[in-house]
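Here is my input; please provide its structure:
(2 chains)
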Amino acid sequence: MTARGRVLGIETSCDETAAAVVERGRTVVTSVVSSQVDLHARYGGVVPELAGRAHVELALPVVTDALAGAGLDRRGRSFEDPAGPVGIDAVAATIGPGLIGALLVGVSTAKALALAWGVPFVGVNHLEGHLYAAMLEAPEIELPVVVLLVSGGHTLLVALDAPGSYRVLGATVDDAAGEAFDKVARYLGLGYPGGPEIDRLALSGDASSIRFPRASTAGAFDFSFSGLKTAVVSYVRAHPQVTNADVAASFQEAVVDVLVAKTVAAATEIGARGACLAGGVAANSSLRARFAEVFDDRGMRSYLPSRAMCTDNAAMIAAAGYFQLERSGPTPLDAGAVPDLQLRTSR
Amino acid sequence: MESQATVSTASEEQTRAIGAGIAHFLGAGDVVLLVGSLGAGKTTFVQGLVAALGGREPVTSPTFMLAHKYRTAPPVTHVDLWRLGHLQEVVDLALEEELDEGGVVVVEWGEAAEPLYGADALVVRFDWGRSDDERTISIEARGACWTSRIAGLREALGPGTAGAGTEGAA
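Just a heads-up that it's a prediction; the model follows:
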């Protein structure tokens, strides 16, 4: 690797086709995201076959855009010196978790580029990528921090001790937070994705009008949202005249209460310097406001990445790829995608 | 021969126990279709089923990932069709491969898979009861290999079980 440590990251695990160039895991040179969410909105969710096909169509244009943003042509050479060396030091791609057809597009593209350029390939865990999202926007961040990773498929509390070194403190035992948003939204007859719809509707509702349960779990930092989802359905069945706005606001309040309380407890327990939000649900306005307020009250830093950095992107994959390459070297080119890959405490 | 049975549960634990009771009748290549609205107890049922077959990991919702496979005996693939809108997408999940390899496939929002598997499956319906915690669980054996098991299944569901045409059909 050159001193610049330039990694091209590619992300195709779910909705987004994304590519980015990041230097030394810290500095985003360029980040391109081409969302398929319009395509999926018509189907009410992510459609695996559609997702795979759309990634195939978008992968090369998105990678070409990302390279151009870094001053490189599609062959990875500088526009100013087309006969010169390749300007990328490694190629990272998400290997899981995600939809197999979608993952394979990014993995194959990254391997082909790595092979053609004679640089290392790094297969990255998508969830580890999310841990670095806040760092990319706040280079001054002091570790350790607690990361609350909340998305459609995952709800995790992780202690990030150093780049590449982290401990999983807790996870959902049933539904992910984002899934609860999507399911309650569809139950109320709202659109997809459900998170933004509930967020918007909640603004006009009374968050204290209905007291939905805050589930306790055996593990202090685990989460459970299945009972809350059932409680919402149960309440609406019993009170058909209730307004969607009050249900949305009260439901969101219950989710935010639990997420923030457990993050605070985890941050205190590990002696964290601060706490970061990550994942698509981190775009929720109520969660952001409460998160900032609660940590501010305790004299701790809170890091709220921009919407673009919360949701799936390739900059975080490039950053994770850089740190992984530093710590444990390249990934063999015969390694496949791992759809049910989990995040486990690093060794 | 009567191919249906109905039982009422009063708690999540009881719904889990029904899943555990049915688990012991499952063998290689079996399909179980779970039908019921949001919060009716489908995932809870699968938690009991997977644990009874020796599953150690927590059974989390497969909605986002579409399928979770558990290292049980026989192996259980827990599928969720909530996000899928087209039959072709169910075909694309390649559940046949799991069945051919000796696995059991348990499908939430299973009505979407009826055109593929409905003729030879155990269909389990979940309905909300009178109180918040109460659920009515009805099983329907479809195809010869399931109807031959209905007597044992009814026994596994316990003494409160009713055959169709009696109180359970209400």
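
Pick out the residue closest to the middle of chain A.
Closest residue to the average C-alpha location of chain A: A:G279 at 3.5 Å, with C-alpha atoms, centre = their mean.

just for chain B, where's the confidence low?
B:1, B:159-160, B:163-170 (pLDDT under 70).

Between the two ends of stretch A:239-248, how far is it?
By C-alpha to C-alpha, to the nearest Å, the extent of stretch A:239-248 from end to end equals 14 Å.

Pull out the buried positions in that stretch.
A:N244, A:A245, A:D246, A:V247, A:A248 (16 or more other C-beta atoms under 10 Å in any protein chain shown). Any C-beta I mention is one placed from the backbone N, CA and C, and that applies to glycine too.

Pretty sure B:D127 sits in a strand.
Yes: counting by DSSP: H, G, I helix; E, B strand; the rest coil, B:D127 falls inside a strand.

Please name the spatially closest residue to it (chain neighbours excluded).
Nearest non-adjacent residue to B:D127, counting by C-beta to C-beta, 6 or more residues apart in numbering or on different chains: B:T136, 4.5 Å away.

go on, A:F223?
Using C-beta to C-beta, 6+ apart, the closest residue to A:F223 is A:T172 (4.4 Å).

if I pick the one you found, what's in contact with it?
A:H154, A:T155, A:L156, A:D222, A:F223, A:S224, A:F225, B:T60 (C-beta atoms under 8 Å, 6 or more residues apart in numbering or on different chains).

Can you tell me how far it is from B:T43?
The gap separating A:T172 from B:T43 is 12 Å, by C-beta to C-beta, to the nearest Å.

rewinding a little: would you check that the residue nearest to the centre of chain A makes contact with A:G153?
No: applying C-beta atoms under 8 Å, one finds A:G279 not in contact with A:G153, separated by 9.1 Å.

Now for these two: what residues contact both?
A:G178.

And stretch A:287-301, how far out from the chain middle?
Stretch A:287-301 sits 20 Å away from the centroid of its parent chain (C-alpha atoms, centre = their mean, to the nearest Å).

Buried by neighbour count: which residues of it qualify?
Quick answer for stretch A:287-301 (16+ other C-beta under 10 Å): A:L287, A:R288, A:R290, A:F291, A:A292, A:V294, A:F295, A:M300, A:R301.

Show me which residues of chain B are close to chain A?
B:37-39, B:43-44, B:58-61, B:63-66, B:68-69, B:82-86, B:88-89, B:92-93, B:128, B:132 (C-beta under 8 Å from any C-beta of the partner chain).

Try it again at 10 Å.
Proximity of chain B to chain A (C-beta under 10 Å from any C-beta of the partner chain) is limited to residues B:12, B:37-41, B:43-44, B:47, B:57-69, B:80-86, B:88-89, B:91-94, B:128, B:131-133.

Are any of those residues buried, and if so which?
By 16+ other C-beta under 10 Å, the residues of chain B next to chain A give B:12, B:39-41, B:43-44, B:47, B:59-69, B:80-84, B:89, B:92-93, B:128, B:133 as buried.

helix or strand right after the helix or strand of chain A with the lowest mean pLDDT?
Lowest mean confidence among the helices and strands of chain A (mean pLDDT, DSSP states H and E): helix A:37-41, at a mean of 60. The helix or strand immediately downstream of helix A:37-41 is helix A:48-69, counting by DSSP states H and E.

what about that next one, distance to the chain center?
18 Å.

Show me the shaky parts of chain A.
A:36-51.

any idea how it splits into domains?
Chain A breaks down by automatic domain parsing into domains covering A:6-132+A:310-328, A:142-306.

the strands in chain A, which residues?
Applying DSSP state E to chain A gives strands spanning A:6-11, A:16-23, A:27-35, A:90-96, A:121-125, A:145-150, A:155-162, A:165-171, A:274-278, A:301-303.

Contacts made by the last one with the rest, please.
Read that as strand A:301-303. Residues from elsewhere that reach strand A:301-303 (C-beta atoms under 10 Å, 6 or more residues apart in numbering or on different chains): A:133-135, A:137-138, A:140-142, A:145, A:147, A:263, A:267, A:272-278, A:288, A:290-296.

That strand pairs with which strands?
Sheet pairing here is set by DSSP bridges, and for strand A:301-303 it gives strand A:274-278 (parallel).

can you check the longest one too?
On the basis of DSSP bridges, the sheet neighbours of strand A:27-35 come out as strand A:16-23 (antiparallel).

re earlier: burial check on the residue nearest to B:D127, number of neighbours?
21 (other C-beta atoms under 10 Å in any protein chain shown).

same question, A:A110
Count around A:A110 with other C-beta under 10 Å applied: 32.

Who are the contact partners of it?
A:8-12, A:19, A:59, A:63, A:90-95, A:121-124, A:317, A:321, A:331, A:333.

try A:N125
By C-beta under 10 Å, 6+ apart, the neighbours of A:N125 are A:94-97, A:131, A:317, A:320, A:324, A:338, A:341-344, A:346.

how about the helices in the stretch 201-347 of chain A?
A:226-238, A:244-270, A:285-297, A:307-310, A:315-328 (DSSP state H, counting those that start in this stretch).

need the ones you listed in CSV with distance to chain B, can you?
Converted to CSV, the helices of the stretch 201-347 of chain A look like this (distance: least, C-beta to the nearest C-beta, whole Å):
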stretch, distance to chain B
helix A:226-238, 3
helix A:244-270, 13
helix A:285-297, 19
helix A:307-310, 17
helix A:315-328, 19
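
Endpoints of stretch A:237-245, how far apart?
Per C-alpha to C-alpha, the first residue of stretch A:237-245 is 16 Å away from its last.

starting at the chain centroid, how far to that stretch?
The answer for stretch A:237-245 is 33 Å, by C-alpha atoms, centre = their mean.

Identify the residues contacting that stretch?
A:184-185, A:187-190, A:197-198, A:200-206, A:209-210, A:235-236, A:246-247, A:249-250, B:37, B:39, B:128, B:132.

Return the distance of A:S226 relative to B:G118.
For A:S226, the distance to B:G118 - C-beta to C-beta - is 27 Å.

Check A:R200 too.
Counting by C-beta to C-beta, the gap from A:R200 to B:G118 is 39 Å.

what's the nearest residue to B:I150 once chain neighbours are set aside in contact with, if anything?
With sequence-adjacent residues excluded and distances taken as C-beta to C-beta, 6+ apart, B:I150 is closest to B:A141, at 4.5 Å. By C-beta under 10 Å, 6+ apart, B:A141 lies in contact with B:1-5, B:25, B:120-123, B:147-151, B:153-154.

ok, of these, which come out buried?
B:S3, B:Q4, B:A5, B:F25, B:A121, B:L122, B:V123, B:R149, B:I150, B:L153, B:R154.

The last one is in contact with B:A5, isn't it?
Yes: in this structure B:R154 lies within contact range of B:A5 using C-beta atoms under 10 Å: 4.5 Å.

Could you pull out the residues contacting both of those two?
Common neighbours of B:R154 and B:A5 (C-beta under 10 Å, 6+ apart) are B:I139, B:A141, B:T161, B:A162, B:G163.

What's the separation between B:A119 and B:C145?
11 Å.

Which one's more surrounded, the two?
B:C145 (14 against 10).

The more buried one falls within a helix, correct?
Yes: assessed by three-state DSSP, B:C145 belongs to a helix.

Now it: closest residue in space, sequence neighbours ignored.
Using C-beta to C-beta, 6+ apart, the nearest residue to B:C145 is B:D120, at 6.7 Å.

Could you do B:A67 as well?
B:V79 (4.7 Å).

shouldn't the one you found be in contact with B:V105?
Yes: using C-beta under 10 Å, B:V79 makes contact with B:V105 at a distance of 6.2 Å.
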